[in-house]
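Colleague: Task: produce atomic coordinates for the following.
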Amino acid sequence: RVTARGDALGHGTAVAQILLSQAPFAQLASAQVFTDQRHADAACLAAAIHWCIEQQVRVINLSWGLALDHGALRAACRAAAACGTIVVAACPARGGGVYPAAYPEVLAVSGDARCAGGGWSVIEPHRLYGEAALAADGLTPGGGSYAAARLSGRAAGFLALRPGAGAGDFRQWLEAGAAFRGRERRRAVELA
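Modeller: Numbers count the residues shown, from 1 in each chain. Below you'll find the predicted structure:
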């Protein structure tokens, strides 16, 4: 057992603030894996997910991504989903996929500028969702990790109103209530 250390990067604190801005009643369980650098190995990340399962966490927010698939990480995400846990992970809006967002059991979330006024998007049905990539203040821009925290907060709110619901119910609710569908289209600006 390791004692939590301060958040030198500030990322975990920002993610927690965003999640709580969406679900102020939520109780957070912190499985701290990053301390003073933005790197952790897949075995450590998988162990953190298993710790969340042991704590009976209903929503696991993974505001990070790895470039390579790892068996231990894949197995941890499957185990969480098998317990009925909603697993949410950040996915970049551009570029290649990342893990764990690429796993089918995981709700992948990208930043979507259309969602800045509220609501969420279904970018790829049953697979990829979009949220505002803004800090808790609603103004400071961020990336997919902030978007994932917002969706995790929505999941906590959903479960608070429907305690018997699971990940499949949440996905159906997301699909039915999306404010936007498809990829965000940015217009090219012509420079003269």
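Colleague: going forward, measure contacts and count neighbours with C-alpha atoms only.
Modeller: OK.
Colleague: Looks to me like Ala108 is in a strand.
Modeller: Yes - under DSSP: H, G, I helix; E, B strand; the rest coil, Ala108 falls within a strand.
Colleague: What are the buried residues along the longest helix belonging to the chain?
Modeller: Under DSSP state H, the helix in the chain containing the largest number of residues is helix 144-161. For helix 144-161, burial by neighbour count (16 or more other Cα atoms under 10 Å) applies to 144-159.
Colleague: Repeat that for stretch 94-111.
Modeller: Buried residues in stretch 94-111, counting neighbours by 16+ other Cα under 10 Å, are found at 97-103, 105-111.
Colleague: circling back to that earlier point, same for the longest helix of the chain, what does it pack against?
Modeller: If contacts are counted by 3 or more Cα pairs under 8 Å, 6 or more residues apart in numbering; DSSP states H and E, helix 144-161 sits against helix 11-22, strand 59-62, strand 86-90, strand 107-111, strand 128-131.
Colleague: what's in contact with the longest one?
Modeller: I take that to be helix 11-22. 7, 26, 28, 63, 135-136, 145-146, 149-154, 157 (Cα atoms under 8 Å, 6 or more residues apart in numbering).
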